[in-house]
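*Asks:* Show me the folded form of this:
(chains A, B, C and D)
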Protein chains: 2
Amino acid sequence: MVVSTNLSDAEVDRLFHALADATRRDIVRRTVEGELSVSRLAEAYPMSFAAVQKHVAVLEKVGLVTKVRHGRELRVRSDPDVVDRARRALDELAEAWQGRVQRMADLLDSPEGD
Amino acid sequence: MVVSTNLSDAEVDRLFHALADATRRDIVRRTVEGELSVSRLAEAYPMSFAAVQKHVAVLEKVGLVTKVRHGRELRVRSDPDVVDRARRALDELAEAWQGRVQRMADLLDSPEGD
DNA sequence: CTAATCTACAACCAAATGGTTGTATCAACG
DNA sequence: CGTTGATACAACCATTTGGTTGTAGATTAG
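*Replies:* Numbering: from 1, shown residues only, chains lettered A, B, ... in the order given. Below is the predicted model of the structure:
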């Protein structure tokens, strides 16, 4: 069975919000290449460990990354499915435009008279 | 000629942020179906005219919509190209995952020794 | 057990967000 | 001209965000 593709408005809000930060997008990119502990990630950015921790928490809350225990570290790894869901949300908007082309004939005039 | 596909981090930040609000996504959807004045849009949401105006301004700043004068109203209409750019930004992340599959063999072990 | 490392979390702060109301401008109608 | 409708914009407010520091809890090494 195909996983339900539709997210609620609130979920799409949070998903796009999570992606609306360059640091968070970079964390996603880095953890795609391989799992990384929060400490390693924190070394990569000009901000405190706690700040990076918060970014990871935002990503985790929307499911873009998950944490996996390895000894005493928690490694962060990203989840492809969720980015895919974001793409589908954008596809919906894009499809609306496709649809518009179909309906152009009906819309050549503006709906209100003047 | 193909429009340059790459946006700066800051631009992607603003683009995703603009899309991270259900009201703004709805404005984009509605103005895809046909141009609408800000006043007409404002009637559709349970908030003040000024609030809707601000949402439109956010969308306008990132180029998701533009305004066109018609008599005494300014009609809002959405720009398909920009959503497309957002999709490409997501595609970059998605491609990283594709790439990971290629490099799986190299990454079967974690990079750090212990 | 103790020390060291990694993580979690609370408290705090400045700036941005999302909403409000009110006022001013600008174009069309009589 | 004055009035009306559509828009712009400023001031204000509550909440959230993105950052900080500091403290406490887990887990591993000795």
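*Asks:* how about the strands in chain A?
*Replies:* Using DSSP state E, the strands found in chain A span residues A:36-37, A:65-70, A:73-78.
*Asks:* Name the surrounding residues that touch the second one.
*Replies:* For strand A:65-70, the surrounding residues in contact (C-beta atoms under 8 Å, 6 or more residues apart in numbering or on different chains) are A:27-28, A:31, A:35, A:37, A:56, A:59-60, A:74-79, B:110. (Glycine included, C-beta is placed from N, CA and C.)
*Asks:* related to what we said a few turns ago, name the stretch from the strands of chain A that approaches B:Ala50 most closely.
*Replies:* strand A:65-70 (37.7 Å; C-beta to C-beta).
*Asks:* The closest one near DNA strand C at all?
*Replies:* Yes: between strand A:65-70 and DNA strand C, judged by C-beta under 7 Å from any atom of the strand, the touching residues are A:Lys67.
*Asks:* got the angle for that strand vs strand A:73-78?
*Replies:* For strand A:65-70 against strand A:73-78, the angle by axes from the mean of the first three to the mean of the last three C-alpha atoms, to 10 degrees is 150 degrees.
*Asks:* buried stuff in strand A:65-70?
*Replies:* Applying a neighbour-count criterion of 16 or more other C-beta atoms under 10 Å in any protein chain shown, one finds A:65-67 buried in strand A:65-70.
*Asks:* what would the strands of chain A look like in TSV with distance to DNA strand D?
*Replies:* Formatted as TSV, these follow (distance: least, C-beta to the nearest atom of the strand, whole Å):
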stretch	distance to DNA strand D
strand A:36-37	12
strand A:65-70	7
strand A:73-78	8
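*Asks:* Ok, which of those comes nearest B:Leu90?
*Replies:* Judged by C-beta to C-beta, the one of these that comes nearest to B:Leu90 is strand A:73-78, at 12.9 Å.
*Asks:* name the helices or strands packed onto the closest one?
*Replies:* Contacts defined by 3 or more C-beta pairs under 8 Å, 6 or more residues apart in numbering or on different chains; DSSP states H and E place strand A:73-78 against helix A:22-33, strand A:36-37, helix A:38-43, helix A:49-61, strand A:65-70.
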